[in-house]
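Q: this one's sequence-less:
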């Protein structure tokens, strides 16, 4: 238990009472930022964030950029706890250099994203968008869909979410192909192959890799040209894994059959918003607004994990190692821990 009250500011929506009660029961004052309708903390300027966090000891964050300049303006903040697992917007080196701790909510939303991935596969192959659009125009003609049953599914990235998807697909009796950059020690009921083989042979390709310099633009013109004309691409990981302009061309030219997208390049590069808008309009593309992790249950789990990590740091303890992405409290130098599994 904390010896005195610490202030924790939450800049994410949907912070539930269980997580809030946990913080309060551990001696924390909880302040949930009031955001405008449709606004996320990633939309806030650095000045706005500084004003919100000036007297905070801990910060539970969503999609805001955690930069060196922001951290230097917040000397009191000890812990930055992400309610999520991606952390490309967190400057982990700057966190460590500032003597602070940054964490992610590992394990909290895996099931939610895995469920959403399979939902997108089924929605695309059964042409649910065409069905919905047809009925909206009083057109009861029947689009001919396809099965997920006994198809070859390529899984790119075998972290927690990739494994969750694989587990769910067993009921469809699929043939799994798996590509992971570091397969050593990895075990799964599927065939480990190189990326090109996976692209050539798969009926569905689903992305579950982290976004880093090695995976940026992993699915580009070249990769799309290797895929079957009947193939479906699913991306519930990070928009930067796919060159969306290349994907748009491939879909329009019928070089692949369809796509299910929960993430887009334009999320980090607004200049690509016209590409996103054109993808949204295609009848063979099912899109959702980065909601894969956003279920009541998934957010409750990640809220609590973020809260637990924040309390651990403020109590002078270490959060679970798989949640720590940067820890600058080391007596000798600064250390960043990185978990590359999505």
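A: Yes, it's here. Since the structure is predicted, the reported quantities are computational estimates derived from the model, not experimental observations.

Q: thinking residue 108 is in contact with residue 297, fair?
A: No: with contact defined as CB atoms under 8 Å, residue 108 and residue 297 do not form a contacting pair (9.5 Å). Just so you know, the C-beta spots here come from the backbone N, C-alpha and C atoms, and that holds for glycine as well.

Q: how about low-confidence regions in the stretch 151-300 of the chain?
A: 184-185 (pLDDT under 70).

Q: to clarify, my last question referred to the stretch 1-150 of the chain.
A: 1-4.

Q: related to what we said a few turns ago, which of residue 108 and residue 297 has more neighbours?
A: When residue 108 and residue 297 are compared for neighbours, residue 108 comes out ahead with 24 against 11, by other CB atoms under 10 Å.

Q: tell me which element the residue lying closest to that one once chain neighbours are set aside falls in.
A: Spatially, and ignoring its direct neighbours in sequence, residue 108 is nearest to residue 302 (3.5 Å; CB to CB, 6 or more residues apart in numbering). Counting by DSSP states H and E, the element that carries residue 302 is helix 296-314.

Q: which SSE is immediately downstream of that helix?
A: Following helix 296-314 in sequence, per DSSP H and E, is strand 324-327.

Q: so what sits against both of residue 108 and residue 297?
A: Taking CB atoms under 8 Å, 6 or more residues apart in numbering as the contact rule, residue 108 and residue 297 have no neighbour in common.

Q: burial of residue 236, as a residue count?
A: 28.

Q: test my guess that it contacts residue 209.
A: No: contact criterion CB under 8 Å: residue 236 and residue 209 do not qualify, at 11.2 Å.

Q: could I get the full set of strands for this protein?
A: 6-10, 28-32, 58-61, 79-82, 101-103, 152-156, 175-179, 191-192, 204-207, 232-235, 258-261, 285-287, 324-327 (DSSP state E).

Q: output those strands as JSON lines; include the columns mean neighbour count.
A: Shown next, in JSON lines, are the strands of the chain (neighbours: other CB atoms under 10 Å):
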{"stretch": "strand 6-10", "mean neighbour count": "23"}
{"stretch": "strand 28-32", "mean neighbour count": "17"}
{"stretch": "strand 58-61", "mean neighbour count": "28"}
{"stretch": "strand 79-82", "mean neighbour count": "28"}
{"stretch": "strand 101-103", "mean neighbour count": "30"}
{"stretch": "strand 152-156", "mean neighbour count": "25"}
{"stretch": "strand 175-179", "mean neighbour count": "21"}
{"stretch": "strand 191-192", "mean neighbour count": "16"}
{"stretch": "strand 204-207", "mean neighbour count": "27"}
{"stretch": "strand 232-235", "mean neighbour count": "28"}
{"stretch": "strand 258-261", "mean neighbour count": "25"}
{"stretch": "strand 285-287", "mean neighbour count": "21"}
{"stretch": "strand 324-327", "mean neighbour count": "23"}
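
Q: what's the closest of these to residue 42?
A: strand 58-61 (9.3 Å; CB to CB).

Q: identify the bridge partners of the spatially closest residue to residue 284 that is not a sequence neighbour.
A: Nearest non-adjacent residue to residue 284, counting by CB to CB, 6+ apart: residue 258, 4.0 Å away. Beta-bridge partners recorded for residue 258 (DSSP bridges): residue 232.

Q: isn't residue 258 right next to residue 251, touching?
A: Yes: using CB under 8 Å, residue 258 is in contact with residue 251, at 7.3 Å.

Q: what ranges does the stretch 101-250 of the chain have for its helices?
A: 110-125, 128-136, 160-169, 195-201, 221-226, 244-252 (DSSP state H, counting those that start in this stretch).
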